[in-house]
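Generate a structure from the sequence data that follows.
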Amino acid sequence: MRIERVTLKRRIGIPVLAMGTEKKNRVCLARGRTVYLGPAIEDTANVSEFLDFKSAVNRLIAKNPKVIACDLHPEYASSRYAQSLAREGYVLKGIQHHHAHICSGMLENGLVNQKVIGVAFDGTGLGTDGNLWGAEFLVCDYRNFRRAASLMSVPLMGAEKAITEPWRISCFWLWRIFKDEFLELPLPLIKKIKKRQWEVIKTMYLAGFNCPLSSSMGRLFDAAASLILGRTHSGYEAQLARELQAFAHKTEFADKGYRFAIRRNNAMFILDPLPLFREMVSQIIAGRDKAEIALSFHSSIARLIHGMSLTIRKETGINKVVLSGGVFQNGLLLRLASDLLHKEGFAVLTSRKFSCGDYGIALGEIAIAGGVE
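Here you go, the predicted model:
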């Protein structure tokens with residue numbers, strides 16, 4: 001098993017072994033400016049892959065870390081193994097997933113003693129409120145973070161089923177706009193859905209059964225792709241989002257995209273995509289080209305990043321934006337958002353050597369748990 005060695009731009013104050021997350025895991029240990037990276041593990045919940053994960057941990061723990069860091073989610077295999085190590089006497093620190101995403105980008109870019117606007121967009125991560133997060137605007141440094149804005153949380157009807165059957169999330173948005181009349185809309189997606197299926201899912205939602213709340217940008221991409229492409233199922237996570245990106249590349253038509261409704265809830269902004277879905281439905285029915293709708297959707301998300309970053313900069317004076325999380329593996333979105341931010345004079349930081357997705361989470365855990373000097 002190969003352990004990769006990488007030199008950081010900054011020094012980690014306390015030796016830390018970071019366990020990473022559940023899927024797309026890469027455990028790592030840092031001492032000073034040196035990081036030792038274990039192999040890429042696709043899913044630590046898989047028995048054979050967990051053994052590879054455990055082997056990497058055992059090799060790295062021989063380097064005598066002072067702290068073990070892990071994801072806040074207590075049911076991840078990586079977190080459970082960290083808990084077992086804590087019982088052997090190691091200090092254990094739980095790290096919030098999206099804070100780790102942003103700090104991973106900060107550490108890679110050598111930042112220290114400063115706050116950033118962190119835009120963390122991904123599929124899922126446990127939030128400090130017990131709900132699933134995934135589209136977060138954070139004001140943070142390595143020590144602390146504040147949730148400045150978030151996508152509106154919606155129910156994942158059927159929990160993980162909503163990932164492989166994204167029509168469930170699309171239909172939630174359509175139902176929210178049109179109630180049950182959405183089933184009569186002349187949309188390609190609707191033709192593939194059985195009314196009885198929807199009734200079962202709606203009953204589940206109204207009863208509050210197996211419908212965890214999520215603010216995930218990954219799930220928003222899934223829902224939009226399901227609606228635009230007329231697809232009900234996904235073979236793997238982010239499959240439809242990748243296909244939507246491919247469609248968007250088929251056109252050079254550009255507009256400002258669709259609107260979000262933005263409201264303030266105490267100290268945080270809630271970003272509601274209901275107007276976005278309403279406008280997309282109208283354009284699909286009117287026969288607008290799928291590629292143009294796909295590009296307009298990407299433009300909408302880029303302009304949301306741009307607008308919220310301006311709002312947060314006005315309130316805080318912070319001029320650095322870190323873009324991180326698996327959604328930013330979408331090169332089109334990354335380019336559109338970066339271009340808009342650069343035009344406003346923001347310093348835009350992303351991950352290049354390390355992954356902006358979950359393979360880079362452990363690096364962020366190290367930065368938070370060990371301190372950066």
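
Residue 136 touches residue 147, doesn't it?
Yes - the criterion here is CB atoms under 8 Å, and residue 136 meets it with residue 147 at 6.1 Å. Using the backbone N, CA and C atoms, a C-beta is placed for each residue, glycine as well.

Looking at those two, which one has more neighbours?
residue 136 (30 against 23; other CB atoms under 10 Å).

Next, give phi and psi for that one.
phi -120, psi 130 (degrees, to the nearest 10).

One more: the one 3 residues further on?
Dihedral pair for residue 139: phi -110, psi 120, per degrees, to the nearest 10.

So it versus residue 352, what's the distance?
24 Å (CB to CB, to the nearest Å).

With neighbour numbers in mind, choose between the two.
residue 139 (19 against 10).

Identify the bridge partners of that one.
Note on residue 139: beta-bridge partners by DSSP bridges are residue 117, residue 146.

now the strands for the stretch 251-373 of the chain?
All strands of the stretch 251-373 of the chain, identified by DSSP state E, counting those that start in this stretch, fall at 261-265, 268-272, 320-324, 347-349.

Of all those, which one is nearest residue 64?
strand 320-324 (29.5 Å; CB to CB).

Is the residue nearest to residue 38 when sequence neighbours are not counted in a helix, a strand, or coil?
In this structure, residue 38 finds its nearest non-sequential neighbour in residue 56, 3.3 Å apart by CB to CB, 6 or more residues apart in numbering. Under DSSP: H, G, I helix; E, B strand; the rest coil, residue 56 falls in the helix class.

unless I'm mixing things up, residue 56 is touching residue 27, no?
Yes - with contact defined as CB under 8 Å, residue 56 reaches residue 27; the gap is 5.2 Å.

how about the strands in the stretch 1-150 of the chain?
4-18, 23-25, 28-37, 41-43, 67-71, 91-95, 116-126, 132-140, 145-151.

and the lengthiest helix in the chain, average pLDDT?
In the chain, ranked by residue count with DSSP state H as the criterion, the top helix is helix 290-316. In this model, helix 290-316 has a mean pLDDT of 98.

swap in stretch 349-360?
95.

Give me the residues contacting it.
Residues outside stretch 349-360 that contact it (CB atoms under 8 Å, 6 or more residues apart in numbering) are 6, 20-21, 23-26, 40, 101, 104-106, 108-109, 111, 116, 122, 320-326, 328-329, 334, 338, 363.

what about it, start to end distance?
End-to-end distance for stretch 349-360: 15 Å, by CA to CA, to the nearest Å.

Stretch 37-52 now?
Span of stretch 37-52 from end to end, CA to CA: 13 Å.

What is the burial count for the residue nearest to residue 38?
23.

List the contacts of it.
1, 3, 27, 38, 39, 41.

returning to what we had before: now the longest helix of the chain against strand 132-140, angle please.
40 degrees (axes from the mean of the first three to the mean of the last three CA atoms, to 10 degrees).

Could you pull out the buried residues of helix 290-316?
290-306, 308-309, 311-313 (16 or more other CB atoms under 10 Å).

ok, for the residue of the chain positioned farthest from its centre, nearest residue in space, not its chain neighbours?
No residue in the chain sits farther from the centre than residue 184, which is 33.1 Å out by CA atoms, centre = their mean. Nearest residue to residue 184, sequence neighbours excluded (CB to CB, 6+ apart): residue 190, at 7.9 Å.

what's the burial count for the one you found?
Count around residue 190 with other CB under 10 Å applied: 19.

now swap in residue 151 and tell me
Neighbours of residue 151 using other CB under 10 Å come to 23.

In contact with it, which residues are there?
Here residue 151 is in contact with 134, 135, 215, 216, 217, 220, 270, 271, 273 (CB under 8 Å, 6+ apart).

how about a cut-off of 7 Å?
Contact analysis of residue 151 by CB atoms under 7 Å, 6 or more residues apart in numbering lists 135, 215, 217, 220, 271.

Show me the contact partners of stretch 250-257.
289, 291, 292, 295, 296, 297, 299, 300, 303.

so which of the residues you listed comes closest to residue 160?
Residue 160 has its nearest neighbour among those in residue 297, at 24.0 Å by CB to CB.

Could you check how far the closest residue to that closest one other than its chain neighbours is from residue 98?
The shortest distance from residue 297 to any non-neighbouring residue, by CB to CB, 6+ apart, is to residue 224 (5.2 Å). For residue 224, the distance to residue 98 (CB to CB) stands at 21 Å.

okay, those two: which has more neighbours?
Counted by other CB under 10 Å, residue 224 and residue 98 do not tie: residue 98 has more neighbours, with 32 against 28.

Quick check: the more buried one touching residue 133?
Yes - between residue 98 and residue 133 there is a contact under CB atoms under 7 Å: 5.8 Å.

can I get the strands of the stretch 1-150 of the chain in CSV with distance to residue 198 and mean pLDDT?
CSV is the format used below for the strands of the stretch 1-150 of the chain (distance: least, CB to CB, whole Å; pLDDT from 0 to 100):
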stretch, distance to residue 198, mean pLDDT
strand 4-18, 43, 96
strand 23-25, 30, 96
strand 28-37, 45, 97
strand 41-43, 31, 96
strand 67-71, 34, 98
strand 91-95, 38, 97
strand 116-126, 24, 97
strand 132-140, 23, 98
strand 145-151, 23, 98
